[in-house]
Structures are given as C-alpha cells and as structure tokens.
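Undergrad: Here is a sequence with its predicted model. Questions after.
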Amino acid sequence: MTLQIAQDEAADEVLSTNAFALLSGMLLDQQFPMERAFAGPAKILDRFGTLDPATIAEAAPEEFVEVCATPPAVHRFPGAMAARLQALAQHIVDHYEGHAAALWSGAADGPALLERVMALPGFGRQKAQIFVALLGKQLDVRPAGWEKAAGVYAEDGAFRSVADVRGPDSLEKVRAFKKSQKVAAKAASEA
C-alpha cells in the first residue's frame, strides 16, 4: 500500500517504503503544514543520500542542519528539527539496532507500542497516539489493544489526524476538523 500523506508521489513512496522516513515525517508534523512535514524525509534523502538512522545520527550537526535548511527547507525551524531528527535517529540506533520498523514489529501489544512510541524524542502522548493510529489504520500494524492505545484517533470514519489522510479529500477533511477544534478552543478560552 502506498501512503498518500505528502500529496507528492515520490515523497509518498519514500514514506511507504522506509520506516524511518515515516517516523521522521511524524516528528516533523508540528507547527508546519502536514503534507510538507511528511515530504521532509524525501528532501533529506535527496540531499543527504540516505535515511539510514546510524548515518544521520553520526552526521556533523552543522552539516545536517544545512541539509534541513536548504530551500525549500525541511521545516520552518530547520535547526531545531535537524537536532530532533538526529536525536530520533540515535534513539533508533540505541534501542532498535538502527531498524525503525522494529519499533512496532517487536511490540507485544497496543499499550506496549504506545509506550515505545512515547519514548521517542519529540513524541508526546498525543503524537504517539496518532502514530499508533496511523500504523493501525494504514499499515495494518494492529497488535492487540492498538485501538484503545490510539484513543479517539483509532475511530473509523473520523478525520482527526494524519492517520486518516488517504488523499486530497481526506486531507481537506482533517484540516477542517483541526480548524473547528481551534475555533472551539478559542471560544472556550474567551468564555
């Protein structure tokens, strides 16, 4: 199955075939348009020549910042995100022998998977739940209890997050949902 998150055929192919690319896209998905965040790993691959976690972790920080900052930048905060990507790569090297897919393939159940994802640098509970939902909904990574671990993000027919993006139409529905959440939060804070 080819993911359609980045809305770019080449970038989506990278996400679909490289587990570290998918993790990296999820990390980059903050304070930046979702499809551009998930296109970031393909840019890194093009500029750096690899998405191997050990190679990224070992890269000179200033060199990797340059990879991320070259226009069009991988993220609106290329320096901070380059450091976070290197920390993520180091975690994968240290805990999963450099094999990002081992993060989910070795999880005993949904709660264990959520715990593993939450242990990643830059992944809080919500981001981890969204990633568990993405794995379950789009990659059929469904250890027992994954739905409960993913919370509301596992709901069928919901358009809450990247876990629900399967093309341009669903991307627009997710954007509309997020916008409505922001409006509701603003109204609640003003009340």
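TA: Looks like it arrived, so ask away.
Undergrad: Need the residue closest to the centroid of the chain.
TA: Closest to where the C-alpha atoms of the chain average out (Cα atoms, centre = their mean) is residue 26, at 1.1 Å.
Undergrad: Please give the number of neighbouring residues around residue 60.
TA: By other Cβ atoms under 10 Å, the residues close to residue 60 number 9. Backbone N, C-alpha and C define where each C-beta goes, glycine included.
Undergrad: Let me see the contact set for it.
TA: For residue 60, no contacting residues are found, by Cβ atoms under 8 Å, 6 or more residues apart in numbering.
Undergrad: Ok, the one 10 residues further on next?
TA: By Cβ under 8 Å, 6+ apart, the contact set of residue 70 is residue 47.
Undergrad: try 10 Å
TA: 43, 46, 47, 78 (Cβ atoms under 10 Å, 6 or more residues apart in numbering).
Undergrad: Next, the third one: phi, psi?
TA: Backbone torsions of residue 47, given as degrees, to the nearest 10, read phi -90, psi -30.
Undergrad: same question, residue 72
TA: Dihedral angles (degrees, to the nearest 10) for residue 72: phi -70, psi 130.
Undergrad: on contacts alone, who are the packing partners of the helix or strand bottoming out on mean pLDDT in the chain?
TA: The helix or strand of the chain with the poorest confidence is helix 168-190; it has a mean of 91 (mean pLDDT, DSSP states H and E). Helix 168-190 is packed against helix 34-48, with contacts defined by 3 or more Cβ pairs under 10 Å, 6 or more residues apart in numbering; DSSP states H and E.
Undergrad: rewinding a little: contacting residues around the closest residue to the residue nearest to the centre of the chain other than its chain neighbours?
TA: Spatial nearest neighbour of residue 26, excluding adjacent residues (Cβ to Cβ, 6 or more residues apart in numbering): residue 131 at 5.1 Å. When contacts are counted by Cβ under 10 Å, 6+ apart, residue 131 touches 22-23, 25-27, 29, 103-104, 113-114, 117-118, 120, 123, 150, 153, 161-163.
Undergrad: does the residue nearest to the centre of the chain sit in a helix, a strand or a coil?
TA: Following DSSP: H, G, I helix; E, B strand; the rest coil, residue 26 is assigned to helix.
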